[in-house]
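sequence first, predicted model second:
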Amino acid sequence: MSKLLERLNNPDTIRVKTDWDFINNFRRAESTKEKMLTIIRQFEAYLKSEGLNKEQVFGIINSSTPEQRLIQLIDITTSLIEYLLERHVCTVCNGAKKKCIQCNSKGYRVALKPGTLKGYMSNFYTYMSYYGFIEVETKSFRDSIILPDIIKEQTETLTHQMVKMIIDETRPPLRKLLYAFLATAGTRIFETIQLKKSDFVMVDRFGNTVKSRSDPAYRKILVKIRGETTKTKEPRRTYVSDQIEYDITNRLESINDDSFVFIDNNDLIKSKFTITHHFHEVRERLGNKDPVWIKRYNSGRHHFTLHSFRRFFVNNANEIDRLGFGHKIAGHGLYMKKYDTLTMEKEIELYNLAEAYISLDGKRFKKENDMVVNGLRKELVEKNKLIESMKSEFDDKLEYHISTLNDKFTEIIAEHMEKILEKN
């Protein structure tokens, strides 16, 4: 008998499913895992409020007929939705309000809004399917579950002055640096806190690695965002803005290659909660001066969150062209494909131009001095001369394509340099 057949015939080899196994084998972004953990805790809190536990409920459903199972699952899910749509005591701190990350030290969990609830329930169905309750995936079940309507509203965006106010209001230096990086790099918060020193590489204009900033060929600090940390599981890259290059370099020099750059411990989930809680505090302090900071959408979500930094970057970096360069750096798939042929050299030059639009000094345009602008112009002229000298080595068709691409790129850079000079 084969070993496989022996295992299949041996009842002792049957594994008991656990939440721990589910979460560890849940192949999603860490931020999604965090949300999954939240709905599991909320489900357990709901059962506790009913004087039950998960084992009891799962046992009852498993011993029921197929018809009863469907009815029971509909009843439990409907009751859970009603529970989540009401304010209830936090089951983590039991209302004690003492430094509880789950409820932001309020002692209670606020009622979920329609948009948030929809995401929670989607994760809940995945969780229940894992435990064998496949009825939650059927049309009969879904048609019986009624979720409140989601009303879409105009999205509010941080202004340059608002970004500056957040950074100025923030006290811990590392947190200041984190917010400045989020606003100038286009990364998600969970991608950012997973960045390590080894992900930051000093490069020349062509993207080749150099040893230090003192190298004459040095141009930029490249940031490699590892695929396992991104929402799409695809790696991408961004850059460190000149505005925070000095502070980033000092931070890198103070840690080892395997250390996280923007957090001081290895507990990513706890760090995310702490950073979110800190941002809430900053927003509340600013809200005491101007109520615009604490406004909410009808869904209950705040106008301004940590994700607002990413939106700020995309909106402003897109100013440099019409193809969506800001979306490309932020990792939006459609726009990344549009830039597949973009060389590292041109990408760095486009990012340098975008710096004028993502300034952290509270002003719409960054003040560029004549030396910087003229330097970029000189590099562009030299590049054009080099391309012209190479044209003779290619056939007519290739020459035509090179000329067309170069003219378009030259036009983009010239146009935005003129805009920058007009603002000075």
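Received the coordinates, thanks. Everything numeric here is computed off the predicted structure, so don't read it as measured data. Residues are numbered from 1 along each chain as shown.

would you list the phi and psi of residue 196?
phi -110, psi 170 (degrees, to the nearest 10).

please read the previous query as pertaining to residue 111.
According to degrees, to the nearest 10, residue 111 has phi -60, psi 140.

near it, how many other residues are there?
14 (other C-beta atoms under 10 Å). Using the backbone N, CA and C atoms, a C-beta is placed for each residue, glycine as well.

and residue 231, by the same measure?
Quick note: residue 231 (other C-beta under 10 Å) scores 14 neighbours.

helix, strand or coil: sort out it for me.
Under the three-state scheme (DSSP: H, G, I helix; E, B strand; the rest coil), residue 231 adopts coil.

that one and residue 225 touch, don't they?
No - between residue 231 and residue 225 there is no contact under C-beta atoms under 8 Å: 10.5 Å.

who touches both of those two?
Jointly contacting residue 231 and residue 225 under the rule C-beta atoms under 8 Å, 6 or more residues apart in numbering are 191, 331.

what helix or strand does the closest residue to residue 172 other than its chain neighbours sit in?
The spatially closest residue to residue 172, leaving aside those adjacent along the chain, is residue 278, at 7.8 Å (C-beta to C-beta, 6 or more residues apart in numbering). Taking DSSP states H and E as the criterion, residue 278 maps to helix 268-287.

kindly report the same for residue 155.
Residue-wise, residue 155 maps onto no helix or strand under DSSP H and E.

and it, how far is that from residue 77?
30 Å (C-beta to C-beta, to the nearest Å).

show me this protein divided up by domain.
14-144, 151-366, 368-424 (automatic domain parsing).

could the ones you listed go into CSV alongside mean pLDDT?
Listed next are the domains of the chain as CSV, based on pLDDT from 0 to 100:
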stretch, mean pLDDT
domain 14-144, 82
domain 151-366, 87
domain 368-424, 62
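
hey, which of the ones you listed is tucked in deepest?
Here the criterion is mean neighbour count by mean count of other C-beta atoms under 10 Å, and of those the winner is domain 151-366, at a mean of 17.

and that domain, how far from the chain's centre?
10 Å (C-alpha atoms, centre = their mean, to the nearest Å).

what of stretch 62-72?
40 Å.

any idea which strand is longest in the chain?
strand 218-225 (DSSP state E).

can you tell me the strand partners of that strand and which way each runs?
strand 200-204 (antiparallel), strand 236-239 (antiparallel) (DSSP bridges).

so which of the ones you listed comes closest to residue 306?
Closest of those to residue 306 is strand 236-239, at 16.6 Å (criterion: C-beta to C-beta).

check which helices and strands the following helix or strand past the closest one sits against.
Sequence order places helix 245-253 as the next helix or strand after strand 236-239, per DSSP H and E. Secondary-structure packing of helix 245-253 (3 or more C-beta pairs under 8 Å, 6 or more residues apart in numbering; DSSP states H and E): helix 173-185, strand 218-225.

how about the longest one as CSV, C-alpha atoms only?
The reference is to helix 173-185. Coordinates of the C-alpha atoms in helix 173-185 are reproduced here as CSV (Å, rounded to 0.1, in the frame of the first residue of the first chain):
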residue,chain,number,x,y,z
PRO,A,173,10.6,62.4,14.1
LEU,A,174,10.2,58.9,12.6
ARG,A,175,6.5,59.4,12.2
LYS,A,176,7.1,62.8,10.5
LEU,A,177,9.4,61.0,8.1
LEU,A,178,6.8,58.3,7.5
TYR,A,179,4.1,60.8,6.6
ALA,A,180,6.5,62.8,4.3
PHE,A,181,7.5,59.5,2.5
LEU,A,182,3.8,58.5,2.1
ALA,A,183,3.1,61.9,0.5
THR,A,184,6.0,61.7,-2.0
ALA,A,185,6.3,58.0,-2.8
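
that helix packs against which elements?
Using 3+ C-beta pairs under 8 Å, 6+ apart: helix 173-185 touches helix 160-169, helix 189-193, helix 245-253, helix 268-287, helix 307-317.

rewinding a little: contacts for the longest strand of the chain, please.
Residues outside strand 218-225 that contact it (C-beta under 8 Å, 6+ apart): 185, 187, 191, 195, 199-205, 207, 210, 212, 235-240, 245, 248-249, 331, 348, 351-352.

a markdown table for the helices and strands packed on helix 245-253, including distance to residue 288?
Below are the helices and strands packed on helix 245-253 laid out as a markdown table (distance: least, C-beta to C-beta, whole Å):
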| stretch | distance to residue 288 |
| --- | --- |
| helix 173-185 | 19 |
| strand 218-225 | 35 |
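
for the ones you listed, which one sits closest to residue 361?
helix 173-185 (11.1 Å).

and the angle from the closest one to helix 245-253?
120 degrees (axes from the mean of the first three to the mean of the last three C-alpha atoms, to 10 degrees).

got the angle for helix 173-185 vs helix 160-169?
Going by the same axes, to 10 degrees, helix 173-185 makes 160 degrees with helix 160-169.

what's in contact with helix 173-185?
Under C-beta under 8 Å, 6+ apart, the answer for helix 173-185 is 158, 163, 166-167, 170, 187, 189, 192-193, 223, 238-241, 243-244, 247-248, 251, 262-264, 275, 278, 306, 309-310, 312-313, 329, 355, 358, 360.

give me the most central residue, the protein.
residue 188 (2.0 Å; C-alpha atoms, centre = their mean).

separation between that one and residue 310?
For residue 188, the distance to residue 310 - C-beta to C-beta - is 6 Å.

could you do residue 26 as well?
24 Å.

which residues does stretch 40-52 contact?
19, 53-54, 57, 79-80, 83-84, 88, 91-92, 102, 109, 120, 124, 127.
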